[in-house]
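[1] Got a predicted structure here, sequence first:
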Amino acid sequence: MKFRVESAGHKLSPSLKEFASLKLSNLHRYYKDIQEIEVTLINETKGAKEVVNCTLNIRIPGKDEYIKSTSSIFEDAILKAADAAKRRLRIRKTQLQAARKRKTPNRKVAAKRAV
């Protein structure tokens, strides 16, 4: 699994890149086919507040997952995006498992026919 951490407008510290890769490396527990995770951090000013947007693009065979979160702190935005990604990957995995289960024949019906 590859990580790409980028930020528009300013240079990120190595500790922030390490924090992002550490928190997002746990996502392989929820979905094993993750190829790459792109993290984009953008610091925006909305009125008098500074807001950090964290965007995750998780590359998976089939359809990529795109997750966006906002916060006032870089670390908090990364944690919120990681939690949202965890939920999306769990949902995706259970949907795939249910689809696989529907394709297999019903074992109870097959057992009754054999008797």
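    That came through fine.
[2] how many other residues sit next to residue 56?
    For residue 56, the count of nearby residues is 23 (other C-beta atoms under 10 Å). C-beta here means a position set from N, CA and C on the backbone, and glycine is covered the same way.
[3] beta partners for it?
    Beta bridges link residue 56 to residue 39, residue 67, judged by DSSP bridges.
[4] Am I right that it is in contact with residue 67?
    Yes. In this structure, residue 56 is within contact of residue 67 by C-beta atoms under 8 Å, at 4.3 Å.
[5] which residues are common contacts for these two?
    Common neighbours of residue 56 and residue 67, using C-beta atoms under 8 Å, 6 or more residues apart in numbering, are 81, 84, 85.
[6] Burial check on the first one, number of neighbours?
    By the other C-beta under 10 Å criterion, the neighbourhood of residue 81 contains 24 residues.
[7] tell me the contacts of it?
    Residue 81 makes contacts with 39, 54, 55, 56, 67, 68, 69, as judged by C-beta under 8 Å, 6+ apart.
[8] what residues are up against the fourth one?
    The neighbourhood of residue 56, defined by C-beta under 8 Å, 6+ apart, consists of 24, 37, 38, 39, 65, 66, 67, 68, 81, 82, 84, 85.
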